[in-house]
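[1] this is a predicted model, with the sequence first.
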2 protein chains.
Amino acid sequence: MEIIVEPPSNFSFSELRGRGVWRYKKLIAGEYKRLISINEGGTPLIRSCNINKNLYMKYEGVNPTGSFKDRGMTVAVSSAVSNGYKTVIAASTGNTAAAAAAYAARAGIKSFIVLPKGKVALGKLAQSILYGTTIMEVEGSFDVAMGAVMKLYKDLGIVYPLNSFNPWRLEGQKTIAFEITEDIGVPDAVIVPVGNAGNIYAIWKGFTELVKAGVTDKIPRMIGVQAEGASPIARAFIEGSQSPVFTDSPETVATAIRIGKPVNWRKAMKAVRESNGTMLVVSDNEILKAQRDLARKEGVGAEPASAASLAGYYKALDRKIISPDEKVAIILTGHSLKDPDSMGKAETKRILINPSFIEKIILEEVNDHNSS
Amino acid sequence: MEIIVEPPSNFSFSELRGRGVWRYKKLIAGEYKRLISINEGGTPLIRSCNINKNLYMKYEGVNPTGSFKDRGMTVAVSSAVSNGYKTVIAASTGNTAAAAAAYAARAGIKSFIVLPKGKVALGKLAQSILYGTTIMEVEGSFDVAMGAVMKLYKDLGIVYPLNSFNPWRLEGQKTIAFEITEDIGVPDAVIVPVGNAGNIYAIWKGFTELVKAGVTDKIPRMIGVQAEGASPIARAFIEGSQSPVFTDSPETVATAIRIGKPVNWRKAMKAVRESNGTMLVVSDNEILKAQRDLARKEGVGAEPASAASLAGYYKALDRKIISPDEKVAIILTGHSLKDPDSMGKAETKRILINPSFIEKIILEEVNDHNSS
């Protein structure tokens, strides 16, 4: 399902008030009796100091639950409660689950997270647990369970599904395009990590609606980045195929994009093709190096999936898909705090010091640093 | 050391531009050749939906490194680089260390985190490690080591200390008062978790400067909250003493305020006394319950130390220190993602489901929820 919006013509940002996703209510489809918001969106677009001054980092990690998923959840959960739903459900173990649980809590409605039994460590769910979700572990066929959930939604109107196929989530996510445009105008390219593939489409959709609204006549090249071990859409691009190469066992350190069968692949391919963009593949090593560069050169903490976009930027520069003087926005989808393991794995210098020698050692270290 | 600021008279917020800490540059002491910023501050003041509509939550967890420490670090590190320092140092294991490492990285200067050897698990330092700090573990007397560091600062001007006694950090933190005032005017009370005790003073200082600047004539009652096992200042209040009751072995789940000898205790007592406020003690159980309430009633994820402020709010209501119709701001100092262990410990409902029965179980759960 695709939501087609007819934006107001002769629209101008200057008529808007407030900050965050709902600043753009006029451009978001749907009618809402009640808005469920935790002040999501309005995230900073941080200009690079030390990588390239034409690079801008859209820091989605500072959303309330720590990822861009909040933008979609505020719209989807507002839609759910405005339509009378009192229960939401998501089959997810990560950022989507946390966002679903938080927005349901704020709305005062019930949330379920559905998991295949025994496949997910409880630690991965700690954030959703704090927000008070109920965990349903399905024994046996997960597809049968999800089929039953969809039946409760379609036939009885009882549970509202917040999975990636939910098109209202993309209505919220498209506001990333609006915020970037308000901050720096339309960039030459936007680089997005691709997992279930909704976000790259949502952002592209945002830019196309700004063109329809008469705000701009430019669409940035949309560049999607996938991890080597989870690259069904990027492989299709490389092989010139019209359809993705699904995998049952995706593998990458970038857990937030470890998806073998992206739900929104058609939408993503459309966004990339129509914007003259491309798809890139990056390795786990490239991702982890990019994660350290973000933290150590820019002071910006991002989870590995987010860092895939910087890894993609490096690759695009290398292949001359992007020139260093083009204005580029990379989407840092989630906070480094989302993945404590990956933070701790970065190598670091540790020195054991006898207090009597601390002056000498600091002086040596300072000299080392200055000469390096 | 206390920084006295003479704010411009007849100042008005309407003359300011931009967002975040540096929006208030005019009100921040010091001259800066270079600003080191990661877009800190400008955090949302979230109005309570389900606890009390006169309660507002200042959500500092959405700062770049996940805590209010970023506000102070942007000022202190800008001051360091503007004065030619190329190395900063902090003796901290938690939020201060992460913020110091991030701002040093952004500035392109070196950071050291100094620890007593063998006392801190490496996992606690994962965030600082990602930002590329160098860890110095001191064998033997920590005080001797810190003495040597202070000598390098005072005599040679080589390393710049970012510890809690650094008064420039408080200059940044006081902007919390400015933002609250811009959002809702001056509240009746502000409730702040108290560890090293700088923040409650900094926020109070912000309000007093707004009075001097002619923006308002009201100062909120400043209410400090300490955890039972780490309550040297609150105990002094309870016992009517002029000086705190230090402890060598503070203990609480709220690690960010697990401080036995608060550096800024004099400043904190001044802020509380002069504002007609008070200090409260809350138990670990009250803190953890408040943390769950924030997440499950409001959709706001905060670390235990932050939740101490909601626990203090409940206690203040109970003791009629605050009335339910007073406008109160609580400071949620850090994100729940800062403390994954505490999130996972919240109890939750887990249901093992045979897929054939999922419809039945969801219907039962929905009915339970609606009738509860």
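    Received, thanks. All figures in this text were calculated on a predicted structure; none of them were measured in a lab.

[2] only C-alpha atoms from now on, for both contacts and neighbour counts.
    Fine.

[3] so where's chain A shaky on pLDDT?
    For chain A, the stretches with pLDDT under 70 are A:369-372.

[4] care to break it down by domain?
    Domain segmentation of chain A under the TED database yields A:13-66+A:167-344, A:68-161.

[5] what ranges does chain A have for its helices?
    Taking DSSP state H as the criterion, chain A contains helices spanning A:69-82, A:95-107, A:126-130, A:142-154, A:167-173, A:175-184, A:198-212, A:232-238, A:265-274, A:284-298, A:304-318, A:340-345, A:358-371.

[6] those: which one's closest to residue B:327?
    helix A:95-107 (20.4 Å; CA to CA).

[7] so what touches the closest one?
    A:36-38, A:65-67, A:69-70, A:73-74, A:77, A:81, A:87-91, A:110-113, A:125, A:127-128, A:131-133, A:162-163, A:256, B:49-50, B:295-300 (CA atoms under 8 Å, 6 or more residues apart in numbering or on different chains).

[8] quick one on the thing from earlier: okay if I get the domains of chain A as JSON lines plus mean neighbour count?
    Listed next are these as JSON lines, based on neighbours: other CA atoms under 10 Å in any protein chain shown:
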{"stretch": "domain A:13-66+A:167-344", "mean neighbour count": "22"}
{"stretch": "domain A:68-161", "mean neighbour count": "22"}
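
[9] list the contacts for the most centrally placed residue in chain A?
    By CA atoms, centre = their mean, chain A has its centre lying nearest to residue A:333, at 3.6 Å. Contacts here follow CA under 8 Å, 6+ apart; on that basis residue A:333 touches A:59-61, A:67-68, A:193, A:302-303, A:305-306.

[10] so of those, which ones are in strands?
    Members of the contacts of residue A:333 lying in strands (criterion: DSSP state E): A:59, A:193.

[11] reformat the contacts of residue A:333 into TSV and put distance to residue B:284 next to each item.
    Shown next, in TSV, are the contacts of residue A:333 (distance: CA to CA, whole Å):
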residue	distance to residue B:284
A:59	33
A:60	32
A:61	29
A:67	29
A:68	32
A:193	40
A:302	31
A:303	31
A:305	35
A:306	35
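
[12] filter the contacts of residue A:333 down to the ones near chain B?
    Restricting these to those near chain B by CA under 8 Å from any CA of the partner chain leaves residue A:61.

[13] which of the contacts of residue A:333 sits closest to residue B:147?
    Distances from residue B:147 to the contacts of residue A:333, taken by CA to CA, are shortest for residue A:302, at 35.4 Å.

[14] near chain B, which residues of the stretch 101-250 of chain A?
    Checking the stretch 101-250 of chain A against chain B by CA under 8 Å from any CA, the hits are A:101-106, A:108, A:110, A:117, A:122-123, A:125-127, A:129-142, A:144-145, A:148-149, A:152.

[15] now the domains of chain A as CSV including distance to residue B:354?
    Output for those, formatted as CSV (distance: least, CA to CA, whole Å):
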stretch, distance to residue B:354
domain A:13-66+A:167-344, 23
domain A:68-161, 5
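
[16] closest one to residue A:358 among these?
    Using CA to CA, the domains of chain A put domain A:13-66+A:167-344 closest to residue A:358, at 24.3 Å.

[17] can you measure across the closest one, start residue to end residue?
    42 Å (CA to CA, to the nearest Å).

[18] please state the offset of it from the chain centre?
    Put simply, domain A:13-66+A:167-344 sits 6 Å off its chain's centre (CA atoms, centre = their mean, to the nearest Å).

[19] roughly how far apart are the nearest residue to residue A:286 once chain neighbours are set aside and residue A:170?
    Excluding the flanking residues, the one nearest residue A:286 by CA to CA, 6 or more residues apart in numbering or on different chains is residue A:311, at 5.8 Å. Residue A:311 sits 25 Å away from residue A:170, going by CA to CA.
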